[in-house]
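A.B. asks: I would like to see how this sequence folds:
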Amino acid sequence: MSGSLNIKVVDMRPMRVLSAYIKGTNRTEVCSEDAFDAEYTRLTGGYKCYHGEHFEGHSNHSKGYMLTRRIPDDCVNDSQCEDYILEGLFITEATRPDVDPAELWKSMTKILKESDLYEIDDIANGGQRDSIYGCNGDLICGDFAYWECFIPVRIKKREI
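C.D. replies: Now for the predicted structure:
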């Protein structure tokens, strides 16, 4: 799979997001998708997220399906869900829905391991972000719908 990848590096602008993580659980416990949707709708009154502002997928650091959506900066979060600022460098790959996310992640991280410039910047490696985000916003290209996989990265420290 790695030969056919068209990985891009993106610098995501800071955005405040509501996540399915339950407050006070150190990003391990996740509320149900229905509970998250209800809280999101209640807090935002139907605020519209666009492509690149609505993520879903599995995390190595949670016990359930992870959802993250942009919320307005002035949103008062009195819910059980954690909110935080999502930003920084990511590598991303747009792919068809029939591609296995685990295989894509494995291919992308293999390329990262061979990189002289970037390394993974996830919770397990001292970062504040999940190891994988799947963007829910479908891209329509020709006859196919695509989704995007985001992996947080940082520039490697260089020895002088």
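
A.B. asks: pLDDT weak spots in this protein?
C.D. replies: Scanning the chain with the threshold set as pLDDT under 70 gives 1-3, 58, 60-62, 64, 136-145, 159-160.

A.B. asks: where do the helices sit along it?
C.D. replies: Taking DSSP state H as the criterion, the chain carries its helices at 33-44, 101-113.

A.B. asks: Make CSV out of these and add mean neighbour count and distance to Arg13.
C.D. replies: Where you see a C-beta, it was placed from the backbone N, CA and C, and this is true even at glycine. Listed next are those as CSV, based on neighbours: other Cβ atoms under 10 Å; distance: least, Cβ to Cβ, whole Å:
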stretch, mean neighbour count, distance to Arg13
helix 33-44, 16, 19
helix 101-113, 15, 22
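
A.B. asks: Please compute how far stretch 116-128 lies from its chain's middle.
C.D. replies: 14 Å (Cα atoms, centre = their mean, to the nearest Å).

A.B. asks: measure that stretch end to end?
C.D. replies: Using Cα to Cα, to the nearest Å, the end-to-end distance of stretch 116-128 comes to 22 Å.

A.B. asks: picking up where we left off before, right, so of the helices of the chain, which gets closest to Asp78?
C.D. replies: Closest to Asp78 of these is helix 33-44 (Cβ to Cβ; 7.7 Å).

A.B. asks: Grab the CA positions of the closest one and hand them over as PDB.
C.D. replies: Only the C-alpha atoms of helix 33-44 are listed here, as PDB (Å, rounded to 0.1, in the frame of the first residue of the first chain):
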ATOM      1  CA  GLU A  33     -22.100   8.100  20.100                       C
ATOM      2  CA  ASP A  34     -25.800   8.900  20.900                       C
ATOM      3  CA  ALA A  35     -24.800  10.700  24.100                       C
ATOM      4  CA  PHE A  36     -22.100  12.700  22.300                       C
ATOM      5  CA  ASP A  37     -24.500  13.700  19.500                       C
ATOM      6  CA  ALA A  38     -27.100  14.800  22.000                       C
ATOM      7  CA  GLU A  39     -24.500  16.900  24.000                       C
ATOM      8  CA  TYR A  40     -23.100  18.400  20.900                       C
ATOM      9  CA  THR A  41     -26.500  19.500  19.600                       C
ATOM     10  CA  ARG A  42     -27.500  20.800  23.000                       C
ATOM     11  CA  LEU A  43     -24.300  22.800  23.500                       C
ATOM     12  CA  THR A  44     -24.100  24.200  19.900                       C
END
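
A.B. asks: Kind regards, and thank you for your time.
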